[in-house]
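Colleague: mind folding the following:
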Amino acid sequence: MRIKLNKSIKRSGFTLIETIAAVVLLSVAIPPMIWAVRDAHIQRINPMLVSKARWIATEKLENIIADRHSENRGYDYLTGGNYPAESTISGYPGFSRSVSLSETDADLQTAGDGYMTVTVSVSWTDATGTPQTLAVSTVLTEYTSS
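Modeller: Numbering: from 1, shown residues only. Here you go, the predicted model:
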């Protein structure tokens, strides 16, 4: 008696060799993909942190400029004691801020007694764990209103 093989039967599933090859291929391909996603995340987060730090510094600098032009406060109010360092900023965890006021008693043609350099520094830790600092400065003059 002759047994006739049916050639129309299709094989289903994977062989052991195909499974091992797939595991090896995935174990080689997945780590670089994960590292690429991690690097993309860092490249996305760090500019956002810098932008937030710039906004925090500018906000404080604008407050100091407003104090300078205020009728109640004025140039004489601008001292380090009135702007203490902030180790935490409300609404911005991970950021700290400090103000540096450096007055120069230069006679600028007698229109005023001098000028002051105001620097606001903001510090934070970026997505890689590296400490960062951003400083924004301006110059304010002492003048008399006429």
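
Colleague: from here on, contacts and neighbour counts on C-alpha atoms
Modeller: Fine.

Colleague: which strand or helix spans the residue nearest in space to the middle of the chain?
Modeller: Centroid-nearest residue in the chain: residue 49, 1.9 Å away (criterion: C-alpha atoms, centre = their mean). Counting by DSSP states H and E, the element that carries residue 49 is helix 16-69.

Colleague: show me what residue 117 is bridged to.
Modeller: Under DSSP bridges, the beta-bridge partners of residue 117 are residue 102, residue 139.

Colleague: would you mind measuring from it to residue 140?
Modeller: Using C-alpha to C-alpha, to the nearest Å, residue 117 is found at 6 Å from residue 140.

Colleague: so for these two, which sits in the more crowded spot?
Modeller: Neighbour totals were compared for residue 117 and residue 140, and residue 140 leads with 19 against 14 (other C-alpha atoms under 10 Å).

Colleague: I figured the more buried one hits residue 116, correct?
Modeller: Yes. At 5.2 Å, residue 140 and residue 116 qualify as touching, with contact defined as C-alpha atoms under 8 Å.

Colleague: state the distance from residue 142 to residue 83.
Modeller: For residue 142 relative to residue 83 (C-alpha to C-alpha), the value is 18 Å.

Colleague: so between the two, which is more surrounded?
Modeller: For residue 142 versus residue 83, neighbours defined as other C-alpha under 10 Å are more numerous around residue 142 (18 against 15).

Colleague: phi, psi of that one?
Modeller: Backbone torsions for residue 142, taken as degrees, to the nearest 10, come to phi -90, psi 120.

Colleague: residue 126 too?
Modeller: Note on residue 126: backbone dihedrals following degrees, to the nearest 10 are phi -80, psi -180.
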